[in-house]
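S.K.: turn this into a model:
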Amino acid sequence: MSAIETVVFDLDTTLCENTQSDEEIHETVFARVGIEPPFTVEDVQNVDPADIPTVDTDRAFYEELYRAVTDDLDHEGYRRLAEVTVDVVDETDVEFREGAREAVEYARERYDDLGMLTYGDPDTQRAKLDVLDIAELFDAVVVCGPNTEVAGKPDPDAFETVLRELGAVPETSIYVGDSLRGDIGGANNAGMQSAWVPDEEPPADPDHEPTYVLSSPADVREIL
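M.R.: Sure, this is the predicted structure:
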């Protein structure tokens with residue numbers, strides 16, 4: 001295994017979390033729509049965002065998310081749920097996962113090349129970085145997916161794009177993320193090393209094999 005020279009972080013759920021609880025969002029959305037929930041919070045949490053088709057808007061993302069969870073709604077039902085979810089969720093109301101800021105600062109001190117690859121709307125993702133006050137710590141920030149010119153994760157092009165901006169090579173670069181398919185699978189396919197920071201109990205037999213499995217963002221310091 002090559003020595004690490006470049007570190008690239010994911011943002012959502014790896015470094016930060018929305019301060020609105022999933023339970024609060026779920027309850028508020030269905031109260032506003034006025035129907036009994038046909039699925040649970042856990043059902044939504046079990047959907048990997050990397051399995052959602054690439055779409056152009058937050059509303060379309062939530063509509064596809066709900067289609068992945070249940071077949072019990074008609075077209076209007078999915079559309080209405082998605083519209084209300086966009087109104088309820090404040091995507092920029094985020095806070096660090098425990099130890100995440102320290103992990104980024106530690107990597108910044110030790111490495112010349114520090115990058116971020118994050119999926120989502122460019123304005124929303126950069127607003128999150130401003131809220132967290134860490135944008136200036138990264139040499140390159142690449143936002144992939146809808147409304148960008150970069151394919152969404154796990155497409156290797158997303159990882160290759162941030163490496164090009166950093167002037168780095170995959171063999172000596174590591175990607176730190178929480179999504180097994182989108183982050184770890186994508187990094188592996190791009191030839192990078194990978195560090196998986198799951199936000200829930202990891203499966204016993206994962207589909208993609210990370211180079212490292214970390215119990216929290218703070219553990220990044222143990223591998224760098």
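S.K.: okay, CA-based contacts and neighbour counts for the rest of this
M.R.: Fine.
S.K.: in the protein, which spans are helices?
M.R.: All helices of the chain, identified by DSSP state H, fall at 22-33, 41-45, 58-69, 75-88, 100-110, 122-132, 156-166, 186-189.
S.K.: which strands and helices sit next to the shortest one?
M.R.: In other words, helix 186-189. Packing contacts for helix 186-189, counted by 3 or more C-alpha pairs under 8 Å, 6 or more residues apart in numbering; DSSP states H and E, involve helix 156-166, strand 193-196.
S.K.: hang on, isn't Leu8 packed against Tyr111?
M.R.: You called it Leu, but residue 8 is Val. No: at 10.7 Å, Val8 and Tyr111 do not qualify as touching, with contact defined as C-alpha atoms under 8 Å.
S.K.: so which of those two has more stuff around it?
M.R.: Val8 (29 against 13; other C-alpha atoms under 10 Å).
S.K.: quick one: residues contacting the residue lying closest to the more buried one once chain neighbours are set aside.
M.R.: On the basis of C-alpha to C-alpha, 6 or more residues apart in numbering, the spatially nearest residue to Val8 that is not a chain neighbour turns out to be Gly115, at 4.4 Å. Taking C-alpha atoms under 8 Å, 6 or more residues apart in numbering as the criterion, Gly115 is in contact with 6-9, 138-142, 162, 166.
S.K.: next: Pro53.
M.R.: Pro53 is in contact with 61, 64, counting by C-alpha under 8 Å, 6+ apart.
S.K.: next one: Arg79
M.R.: Counting by C-alpha under 8 Å, 6+ apart, Arg79 touches 59, 63.
S.K.: then the one 3 residues further on?
M.R.: Residues in contact with Ala82, defined by C-alpha under 8 Å, 6+ apart, are 59-63, 66.
S.K.: could the helices of the chain be laid out in a markdown table, adding mean pLDDT and distance to Gly177?
M.R.: A markdown table is the format used below for those (pLDDT from 0 to 100; distance: least, C-alpha to C-alpha, whole Å):
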| stretch | mean pLDDT | distance to Gly177 |
| --- | --- | --- |
| helix 22-33 | 97 | 20 |
| helix 41-45 | 95 | 17 |
| helix 58-69 | 94 | 20 |
| helix 75-88 | 97 | 25 |
| helix 100-110 | 98 | 12 |
| helix 122-132 | 96 | 15 |
| helix 156-166 | 98 | 12 |
| helix 186-189 | 97 | 9 |
